[in-house]
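> what's the 3D shape of this:
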Amino acid sequence: MPSATAATPQKKSAKLARARAVASAGSQLLTGQALLDDMEAYRKKVAATPDSARSFLTRLGVMTPSGKVKKLIRG
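Numbering: from 1, shown residues only. Predicted structure coming up:
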């Protein structure tokens, strides 16, 4: 029986697509004001709704899918 935390084929293909997009964006590096504008647009997109913010924090690894904040510093 597969683990409940195992990635589904759709999630794996989405991660691969994102990785390929990042790799192919190497020739389109932004600098200066264009970079700042792009970062601002992404921040607005991520923070547009509570669900999109939770999704971002989950992908970042600071929140669990159930909504609990992860302990980031171990010691």
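> Please enumerate the helices of the protein.
9-24, 32-46, 50-60 (DSSP state H).
> Buried deepest among these, which one?
helix 50-60 (a mean of 12; mean count of other CB atoms under 10 Å). In short, each C-beta sits where N, CA and C put it, glycine included.
> could you give the angle of that helix to helix 32-46?
With axes from the mean of the first three to the mean of the last three CA atoms, to 10 degrees defining the directions, helix 50-60 sits at 110 degrees from helix 32-46.
> Mind pulling up the pLDDT for the residue positioned nearest the centre of the chain?
What sits nearest the mean C-alpha location of the chain, by CA atoms, centre = their mean, is Arg59, with 4.2 Å. pLDDT for Arg59: 93.
> try the one 4 residues further on
At Met63 the predicted local distance difference test score is 93.
> tell me how far the lowest-mean-pLDDT helix or strand in the chain is from the chain's mean position?
Across the helices and strands of the chain, the lowest-confidence element by mean pLDDT, DSSP states H and E is helix 9-24, at a mean of 72. Mean-position distance between helix 9-24 and its chain equals 11 Å (CA atoms, centre = their mean, to the nearest Å).
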